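Enquirer: compute the structure for the input listed below.
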Amino acid sequence: MSIGRIKSLYAYRHSLWDLAVKQFKSRYANSLLGIWLAIVNPLLIMLAVTFVFSVIFKIEIEDFPFFALAGIFPWMFFSGALSEATNSILNQKSMLRQFNLPGEIIPISSILSNFLNFLVGWCLIYPVFLFFNPKIIKLFPFVVVLFLLHFLFICGLGLIFSCLNVFFRDIGLLLGVFLMFWFWVTPIFYSIEMVPGDFRWICNINPMTPFIVFYRDVFFQGNIPPPLIWNAVWIWTVLSLILGFSLFAKFEARLLKEI
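Expert: Down below sits the predicted model:
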């Protein structure tokens, strides 16, 4: 990961912000629900999953709707941001051709737009978690750190997927199926302890697992995550950024030729 590329992105920070805000505003253009859309989808999924797992399968998890919501919300941010970032370069190729901008700005602005949407959603749903578990207010500094690391983790993956999607268009077409598979093998509606020992390694190698556990520890249980989760979140974030920026730097010169 080149320091020069980080400086270049910082130099164009205003352009990055303007692009992200423009995309964010377009989400609610002519929308009847407005910013409430930021929580409608996660809430609907939470209700459906609660019915299936609590009523039909009778999973015995106390306050299961909040248990599930603590994982669904960050997953929706992750999957939505990664999906848009993956197709961002192909969707905005005219901008890369017309303006002298660092290529990373395109996918990162898309992720930042989703991040703003995510923050709006948490502003609306956080008081609910706070009402049922007031002690989580003391963990707010950990929330800020988690949000930042989650955003940076997705930025790294977004750079990887958006770059590869230019050369292998099947990635964008198959991403929905891939994310659905990833969704079910991530402990969102179940805890890691509920996974049989022979298959627990799947959770251990899943980079989204420590993030979901971190969210659940803070928002649902009101606890500081253990060092193992902290270390895993940091490691996956750093690896994602290094791989993302390195891959993008290596192939950026070929992107314009391919698009």
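Enquirer: show the pLDDT at the closest residue to L159 other than its chain neighbours.
Expert: Nearest non-adjacent residue to L159, counting by C-beta to C-beta, 6 or more residues apart in numbering: G244, 3.4 Å away. No exception for glycine: its C-beta is placed from N, CA and C like everyone else's. On pLDDT, G244 comes in at 93.
Enquirer: quick check: which element contains G244?
Expert: helix 227-258 (DSSP states H and E).
Enquirer: in that helix, what counts as buried?
Expert: Using 16 or more other C-beta atoms under 10 Å as the burial criterion, the residues of helix 227-258 that qualify are 229-230, 232-233, 236-237, 240-241, 244-249, 255.
Enquirer: and what of stretch 95-108?
Expert: For stretch 95-108, by 16+ other C-beta under 10 Å, it's L96, L101, P102, G103, E104, I105, I106, P107, I108.
Enquirer: picking up where we left off before, closest to I136 among the buried residues of helix 227-258?
Expert: I229 (16.3 Å; C-beta to C-beta).
Enquirer: what about the spatially closest residue to that closest one that is not a sequence neighbour, how many neighbours?
Expert: Excluding the flanking residues, the one nearest I229 by C-beta to C-beta, 6+ apart is P210, at 4.9 Å. Residues contacting P210 under the criterion other C-beta atoms under 10 Å number 24.
Enquirer: tell me how far P210 lies from R216.
Expert: P210 sits 11 Å away from R216, going by C-beta to C-beta, to the nearest Å.
Enquirer: same question, F199
Expert: Counting by C-beta to C-beta, the gap from F199 to R216 is 20 Å.
Enquirer: of the two, which one has the most company?
Expert: Just comparing F199 and R216: by other C-beta under 10 Å the higher neighbour count belongs to R216, 23 against 9.
Enquirer: could I get the average pLDDT for the helix or strand where P210 lies?
Expert: Counting by DSSP H and E, the element that carries P210 is helix 208-215. The pLDDT scores in helix 208-215 average 97.
Enquirer: go on, stretch 186-204?
Expert: pLDDT averaged over stretch 186-204 gives 90.
Enquirer: show me what contacts the residue lying closest to I192 once chain neighbours are set aside?
Expert: The shortest distance from I192 to any non-neighbouring residue, by C-beta to C-beta, 6+ apart, is to C203 (5.1 Å). Contacts here follow C-beta atoms under 8 Å, 6 or more residues apart in numbering; on that basis C203 touches V185, T186, P187, I192, V195, T209.
Enquirer: do you know how far C203 is from L139?
Expert: Counting by C-beta to C-beta, the gap from C203 to L139 is 23 Å.
Enquirer: can you get me a residue count around E193?
Expert: 7.
Enquirer: any low-confidence regions in this protein?
Expert: Within the chain, the stretches with pLDDT under 70 are 1-2, 4, 29-38, 258-259.
Enquirer: narrow the contacts of C203 to those in helices?
Expert: Per DSSP state H, helices hold the following members of the contacts of C203: T209.
Enquirer: just the buried residues of the contacts of C203.
Expert: T186, P187, V195, T209.
Enquirer: doesn't T209 make contact with the first one?
Expert: This means T186. Yes. T186 lies in contact with T209 (C-beta atoms under 8 Å); the separation is 6.3 Å.
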